[in-house]
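Peer 1: I would like to see how this sequence folds:
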Amino acid sequence: MPGLIGRKVVVSTPKGGHLTLTVLLVGVITASYQIASAPRASAAAQPEVSGMERRERLETLAQKLRVERASLVFPKKKKLIQVNGRVPSPAYVRENIGRMEEKPFDGTIIHLHERLIFNPAPFDEADFLQEYEDLAAIQWGKFTDNFIWTVCNADLDWFDEEQWQAVLHNTRIFAKAALFGRCAGIVFDPENYGFPVFSYPDAKHHDTRTFEEYEARLEHCGEEWIRAVQGELPKARVLDLWYTGAFISGDDRALWSGRMTPREARAGLRYQGYGLVPAFMNGMLRGAAPTTVIVDGNEGAYYYESKEEFLGFVRFSKQLLPQAYVEADLRDKYHAQVQTGSSYYNGYCYGHFRHTPAPNLTDEEKAKWLEHNVYWALTTSDEYVWEWLEQMNWWQNELEPGYEEAVRSARRKAEAGEPLGFDMNSIFEAMKQRARAKLPTARVAKAGSMTVPSVDGLLDDPVWQQALPLALGPMLDCNDPAQATEARLCYDDRALYIAFRCSEPSPDKMYVSVTEHDQPWIVYDDNVEVVISAASGEFPVYKFMMNPKSATWDAIYRNGGKPDSSYDPEWQNAASIGADSWTAEMAIPWKALRMVPPLPGTQISINLTRYRSQGRQCEKTSWSPAMCWDSVFPRFDKVRIDPGMFGALCPPEKCYQLRAGVDYGAGRRLGRGRGISVRTCQ
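Peer 2: Numbering: from 1, shown residues only. Next up, the predicted model:
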């Protein structure tokens with residue numbers, strides 16, 4: 001093979017044509033991205049060369065590859081890209097590509113020994129030479145669209161030009177690695193893994209530079225960054241795992257659901273943890289060559305549970321996102337060069353993630369859910385769908401039962417244009433029916449006129465010492481909580497009284513940002529809430545929420561969808577923070593629920609919940625095991641109100657019995673034998 005260096009080789013193509021290729025590196029033939037390289041000579045047969053000689057050979061190869069990319073055409077079809085939590089190295093892919101290509105994918109993500117593309121210190125390119133060579137030696141076959149993994153997490157000062165030049169230097173290294181590997185492009189992951197690089201409130205010069213100054217700087221940097229990529233990798237494809245970063249903040253959901261206008265979403269960026277991402281992406285778009293493609297990878301699809309969410313994101317990506325976050329003069333370019341992608345996550349469908357309903361599903365139901373998400377991701381994406389895999393491994397055949405079959409089935413149906421054949425609503429309903437069979441019961445005493453609690457947040461009234469504690473457990477899509485929560489209830493002819501005691505070993509670490517009434521961001525605070533259906537498990541549903549600073553939010557849900565926060569009744573509340581817990585009290589008048597004081601036999605559906613925020617390890621608990629649906633990043637329109645999963649309050653004369661609801665779905669009243677047997681306390 002060494003004797004072939006510099007010689008021309010003619011290779012026939014599957015369609016009868018031919019390519020003239022040049023052998024530039026021992027055992028490596030530059031070729032179309034779908035033509036495998038020649039067999040690599042063994043390491044023992046290679047002559048020892050100096051670092052300078054290796055650099056020269058690689059640079060010669062890079063020049064030739066850039067020329068060849070000019071005629072590269074990416075086949076336009078739906079493509080499935082595998083991303084493993086243990087991302088393979090160039091050496092691993094080089095040695096195992098034949099076995100890897102037996103799996104139902106069109107490409108993989110490759111992990112260099114470094115991946116922090118925004119590292120403010122320059123990498124030494126000499127440390128990447130072996131990976132360059134391994135990438136160049138990979139004999140690609142079926143895997144036509146592969147990417148180099150990068151993340152943006154770094155302690156970066158955007159206004160330090162020396163640091164920024166180091167970032168551009170590092171970017172060129174990653175782009176050159178993609179070139180040597182004949183990859184489609186690079187992955188751009190803007191997520192905060194410890195350094196909020198795209199957050200204006202956390203920016204190094206937050207106190208001396210305005211948000212507008214930061215936006216201008218990041219747009220400039222985004223333009224320089226994409227030009228650095230294109231300089232090494234013509235026809236680059238940038239797989240941005242989430243284009244605006246807004247899905248973390250929740251503004252995309254508010255925009256999506258119509259609760260926020262594009263102008264309001266734009267105005268809120270200065271307060272968001274990823275509020276500078278759109279400026280960087282606008283710069284990237286401004287600097288993108290006509291042949292560059294940027295893919296919105298939609299990492300938020302990890303947590304989708306219905307086809308409507310996949311379809312809704314298409315509308316968001318094509319219409320609402322550019323209206324809110326893309327500068328007006330760039331919108332035509334956005335529509336021409338930004339693709340709508342999608343994703344799916346095994347941990348959410350199979351129960352490896354902390355907050356998921358999967359542990360309550362059967363193995364067959366888990367596989368159905370995975371098939372559903374893969375199918376709709378492929379159906380709604382423009383070209384790319386990527387899989388994030390944890391605690392499983394395709395390359396080592398370490399998959400749970402039904403996993404590979406589900407992916408293959410979804411892909412076959414999507415490619416053939418066949419219907420999926422099922423929806424997830426019936427599967428989740430079956431899960432909830434199983435949960436209803438295990439719902440708890442409790443008795444709660446009626447308070448006399450002299451024992452009504454004072455609602456001061458201290459929980460030292462005698463009535464609370466006598467009331468039966470109700471333990472809150474994990475919601476159906478959450479794991480067991482680390483800290484205990486209990487609630488106690490009583491009532492009189494004026495109001496329903498609720499007390500919460502929330503264990504918290506580190507009260508100083510609680511997240512409590514809201515101090516005013518009806519601020520929607522309270523959902524991110526530590527909080528407790530009461531949700532009540534006064535009409536026996538039917539709509540409307542009333543929600544009352546408060547945080548440890550006694551800030552409140554209330555709303556009425558008339559059909560299970562968007563809350564109406566214009567509902568603003570008078571009710572009492574108070575909270576207190578102690579050394580190892582915080583407590584909350586509420587007094588909700590019956591007139592706030594638009595009902596008279598309950599008579600014996602009256603049915604009232606209720607649930608009690610707590611949200612504990614400890615970074616990403618948040619907890620969502622409830623008395624009746626309802627679905628949280630989105631415990632990590634709670635959004636009002638995502639948290640679905642289902643009175644059928646509430647407990648049932650039924651007060652007789654001396655006391656009432658509280659029992660979890662059995663079948664209080666909207667439009668269905670309790671039938672004979674399905675409700676509460678009223679018992680009088682002696």
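
Peer 1: tell me the contacts of Thr244?
Peer 2: When contacts are counted by Cβ atoms under 8 Å, 6 or more residues apart in numbering, Thr244 touches 252, 274, 277-278, 281, 321, 325. Glycine gets a C-beta too; all of them are placed from N, C-alpha and C.

Peer 1: quick one: pLDDT of Ala574?
Peer 2: Predicted confidence (pLDDT) for Ala574: 98.

Peer 1: so is it in a helix, a strand, or just coil?
Peer 2: Using DSSP: H, G, I helix; E, B strand; the rest coil, the structure places Ala574 in strand.

Peer 1: partners of it in the sheet?
Peer 2: Under DSSP bridges, the beta-bridge partners of Ala574 are Glu585.

Peer 1: show me the protein divided up by domain.
Peer 2: 75-428, 439-660 (automatic domain parsing).

Peer 1: next up, the contacts around Arg115.
Peer 2: By Cβ under 8 Å, 6+ apart, the neighbours of Arg115 are 149-151.

Peer 1: mind putting these into TSV with neighbour count and distance to Phe123?
Peer 2: Shown next, in TSV, are these (neighbours: other Cβ atoms under 10 Å; distance: Cβ to Cβ, whole Å):
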residue	neighbour count	distance to Phe123
Trp149	20	15
Thr150	25	12
Val151	18	14
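
Peer 1: the domains of the chain: lowest mean pLDDT?
Peer 2: Looking over the domains of the chain, mean pLDDT reaches its minimum on domain 439-660, with a mean of 80.

Peer 1: any chance you could list what contacts the strand or helix carrying Gly347?
Peer 2: Using DSSP states H and E, Gly347 falls within helix 346-350. Under the contact criterion Cβ under 8 Å, 6+ apart, helix 346-350 has outside partners 302-303, 352-353, 356, 358, 366, 369-370, 373, 387-392, 400, 403.

Peer 1: closest to the centroid, which residue in the protein?
Peer 2: Taking Cα atoms, centre = their mean, the centroid of the chain lies closest to Gly300, which sits 3.8 Å from it.

Peer 1: where along the stretch 101-250 of the chain do the strands fall?
Peer 2: Per DSSP state E, counting those that start in this stretch, the stretch 101-250 of the chain carries strands over the ranges 107-110, 147-148, 185-188, 237-240.

Peer 1: using a markdown table, lay out the ones you listed together with distance to Arg558.
Peer 2: Shown next, in a markdown table, are these (distance: least, Cβ to Cβ, whole Å):
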| stretch | distance to Arg558 |
| --- | --- |
| strand 107-110 | 45 |
| strand 147-148 | 46 |
| strand 185-188 | 42 |
| strand 237-240 | 38 |
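
Peer 1: pull out the buried residues from the top helix by length along the chain.
Peer 2: Longest helix in the chain, counting residues (DSSP state H): helix 211-232. Applying a neighbour-count criterion of 16 or more other Cβ atoms under 10 Å, one finds 211, 214-215, 217-230, 232 buried in helix 211-232.

Peer 1: export that helix as CSV, just CAs?
Peer 2: Provided in CSV are the C-alpha atoms of helix 211-232 (Å, rounded to 0.1, in the frame of the first residue of the first chain):
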residue,chain,number,x,y,z
PHE,A,211,-28.5,42.4,27.3
GLU,A,212,-28.5,44.1,23.9
GLU,A,213,-24.7,44.4,24.0
TYR,A,214,-24.5,40.7,24.7
GLU,A,215,-26.9,39.9,21.9
ALA,A,216,-24.8,41.9,19.4
ARG,A,217,-21.6,40.2,20.6
LEU,A,218,-23.1,36.7,20.4
GLU,A,219,-24.5,37.3,17.0
HIS,A,220,-21.0,38.3,15.8
CYS,A,221,-19.5,35.3,17.5
GLY,A,222,-22.1,33.0,15.9
GLU,A,223,-21.2,34.3,12.5
GLU,A,224,-17.5,33.8,13.1
TRP,A,225,-18.1,30.3,14.5
ILE,A,226,-20.0,29.0,11.5
ARG,A,227,-17.4,30.5,9.1
ALA,A,228,-14.7,28.6,11.1
VAL,A,229,-16.6,25.4,10.6
GLN,A,230,-17.2,26.0,6.9
GLY,A,231,-13.5,26.9,6.4
GLU,A,232,-12.6,23.3,7.2
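
Peer 1: what does it rub up against?
Peer 2: Contacts with helix 211-232, where a contact means Cβ under 8 Å, 6+ apart, come from 62, 66, 158-159, 164, 167-168, 171-172, 175-176, 178-179, 185-186, 198, 200, 203, 205, 236, 238, 269-270, 275-276, 279-289, 292.

Peer 1: ok, now stretch 523-530?
Peer 2: 250, 485, 498, 500, 502, 504, 510-514, 543-548, 551, 553, 582, 584, 586, 588, 606-613, 634-636.

Peer 1: give me the buried subset of those.
Peer 2: Counted by 16+ other Cβ under 10 Å, the contacts of stretch 523-530 give 250, 485, 498, 500, 502, 504, 510-512, 514, 543-548, 551, 553, 582, 584, 586, 588, 606-613, 634-636 as buried.
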